[in-house]
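> got a predicted model here, sequence first, then my questions.
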Amino acid sequence: MSNTVDPQARSLPSVSDRHIDPHAYPNGIAFLDGQYLPMSQAKISVLDWGFLHSDATYDTVHVWDGRFFRLDLHLDRFFGGLEKLRMTIPFDRDGVAEILHSCVALSGHRAAYVEMLCTRGASPTFSRDPRQAINRFMAFAVPFGSVANADQLQRGLRVAISDKVRISPASIDPAIKNYHWLDLVRGLYDAYDRGAETALILDFNGNVAEGPGFNVFCVKDGKLSTPAIGVLPGITRRTVFDLCAEVGLTAIAADVSVAALRTADEVFITSTAGGIMPVTEIDGAPVADGKVGPITSRLMALYWEKHDDPAWSSPVRYA
């Protein structure tokens with residue numbers, strides 16, 4: 001597979017182009033079939049099982065101020081998902097890292113949302129046997145976008161707890177990052193109908209699980225807890241554990257009941273798309289005094305400080 005840069009790769013769609021085409025993608029760069037392309041030219045077949053069956057795995061890492069944050073951990077999780085799904089790609093870890101660097105460098109973005117993904121692909125004979133499909137790797141970098149906007153980060157998010165249940169880990173291993181989001185999307189609509197900004201859904205035991213693209217933590221009497229079962233072990237979730245270990249805070253993974261979340265002293269959510277983000281209202285009621293708590297604020301500050309630390313981040317090779 002060639003890694004030659006397409007001559008159109010540096011010519012991105014203009015803002016006016018995006019206004020004309022309602023299906024255009026954000027300005028960014030994609031790697032697909034050995035070429036670097038504008039996002040608007042990155043396409044997959046309607047016969048790809050990633051589209052037809054949601055048969056795919058992916059991972060996302062962000063770039064902030066020109067530096068990847070914890071890229072090695074994201075690569076670990078991506079390659080772990082490939083192995084569990086019995087998918088193969090023509091690149092090793094260093095090869096994928098180089099492609100991600102190139103996507104960001106060609107886009108020129110200093111703050112980016114960067115994704116690597118592999119679909120099952122399609123069978124040349126339209127066979128239903130997944131062993132006959134040709135796996136397909138792709139990657140892209142687009143401008144960074146957060147789960148929470150600036151106002152929400154300052155005042156805290158309004159969250160609703162939906163009665164929808166997350167897919168059982170007996171069916172889908174939550175350690176494999178995937179696109180099975182219909183349970184999460186249904187939870188989101190429950191939240192919107194109740195005037196909230198995002199949602200949390202339950203695990204199969206009726207405890208709190210996670211939200212669309214994020215994990216959740218609660219703080220009670222200075223101790224942190226986060227759901228342990230049926231959730232994606234997020235990289236930002238792991239980062240919270242690492243930060244707590246540095247500063248002497250206790251953090252555990254355990255069952256978190258709906259009642260425990262509603263009576264917590266502080267609540268926050270974590271995601272690569274936004275970092276550590278405060279929650280100050282649950283189901284229309286304030287969390288404690290309805291203000292961003294001191295532990296949440298402390299961890300938010302530490303999290304962004306680590307983006308300049310060479311032990312936690314690595315510079316994009318823009319040259």
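Okay, I see it.
> what about Leu100, helix or strand, and which?
helix 93-107 (DSSP states H and E).
> what does that helix contact?
3, 5, 9-10, 12, 27-31, 36, 61, 63, 68, 71, 75, 78-79, 89, 91, 112, 114, 116, 137, 139-142, 316-319 (Cβ atoms under 8 Å, 6 or more residues apart in numbering). (C-beta placed from N, C-alpha, C; glycine too.)
> ok, stretch 176-190 next?
50, 54, 56-60, 77-78, 80-81, 84-85, 160, 162-167, 172, 198-201, 211-213, 232.
> ok, of the residues you listed, which come out buried?
50, 56-60, 77-78, 80-81, 85, 160, 162, 164-167, 198-201, 211-213, 232 (16 or more other Cβ atoms under 10 Å).
> which residue ranges of the stretch 151-300 of the chain form strands?
157-165, 198-202, 215-220, 223-226, 251-253, 266-271, 275-282, 285-286 (DSSP state E, counting those that start in this stretch).
> which of the residues in the fifth one are buried?
By neighbour count with 16+ other Cβ under 10 Å, strand 251-253 contains the buried residues Ala251, Ala253.
> double-check that Gly80 belongs to a strand.
No: if the criterion is DSSP: H, G, I helix; E, B strand; the rest coil, then Gly80 is helix and not within a strand.
> excluding its backbone neighbours, what's nearest it?
Nearest residue to Gly80, sequence neighbours excluded (Cβ to Cβ, 6 or more residues apart in numbering): Ala175, at 6.9 Å.
> per-residue confidence for the one you found?
pLDDT recorded at Ala175 is 94.
> ok, now Gly275?
97.
> my read is that the residue nearest to Gly80 contacts Asp76, right?
No: between Ala175 and Asp76 there is no contact under Cβ atoms under 8 Å: 10.7 Å.
> what about the helices in the stretch 151-300 of the chain?
182-193, 235-247, 258-262, 294-305 (DSSP state H, counting those that start in this stretch).
> got CSV for those, with mean pLDDT and distance to Pro130 too?
Shown next, in CSV, are the helices of the stretch 151-300 of the chain (pLDDT from 0 to 100; distance: least, Cβ to Cβ, whole Å):
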stretch, mean pLDDT, distance to Pro130
helix 182-193, 98, 21
helix 235-247, 98, 28
helix 258-262, 97, 38
helix 294-305, 98, 39
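> out of those, which gets nearest to Ala133?
helix 182-193 (22.5 Å; Cβ to Cβ).
> surely Val216 is in contact with Ala264?
No: the criterion here is Cβ under 8 Å, and Val216 misses it with Ala264 at 9.9 Å.
> please name the residues that touch Ala199.
By Cβ under 8 Å, 6+ apart, the neighbours of Ala199 are Val159, Ala160, Ile161, Ser162, Leu184, Gly187, Leu188, Asp190, Ala191, Gly211, Pro212.
> I'd like the distance between Ser313 and Ile134.
35 Å (Cβ to Cβ, to the nearest Å).
> ok, these two, which is more surrounded?
Between Ser313 and Ile134, Ser313 has the larger neighbour count (other Cβ atoms under 10 Å), namely 19 against 12.
> partner residues bridging the closest residue to that one other than its chain neighbours?
Nearest residue to Ser313, sequence neighbours excluded (Cβ to Cβ, 6+ apart): Arg67, at 4.2 Å. Bridge pairing for Arg67 (DSSP bridges) gives the partners Trp64, Pro315.
> neighbours of Arg67, how many?
The burial count for Arg67: 19, using other Cβ under 10 Å.
> list the contacts for it?
Counting by Cβ under 8 Å, 6+ apart, Arg67 touches His307, Asp308, Ser313, Ser314, Pro315, Val316.
> return the closest of those with respect to Ala288.
For these, with Ala288 as the reference and Cβ to Cβ as the criterion, the closest is His307, at 28.5 Å.
> ok, that closest one touching Asp65?
Yes: the pair His307 / Asp65 is scored as a contact, 6.5 Å apart, by Cβ under 8 Å.
> so how far is Ile134 from the residue of the chain positioned farthest from its centre?
For the chain, the residue at maximal distance from the C-alpha centroid (Cα atoms, centre = their mean) is Thr125, at 33.8 Å. Remark: distance between Thr125 and Ile134 (Cβ to Cβ) = 11 Å.
> and what of Lys220?
Lys220 is 50 Å from Ile134, by Cβ to Cβ.
> cool, and Leu202?
In terms of Cβ to Cβ, Leu202 sits 38 Å off from Ile134.
> next SSE downstream of the lowest-mean-pLDDT helix or strand in the chain?
The helix or strand of the chain with the poorest confidence is helix 15-20; it has a mean of 40 (mean pLDDT, DSSP states H and E). Next in sequence after helix 15-20, counting helices and strands by DSSP H and E, comes strand 29-32.
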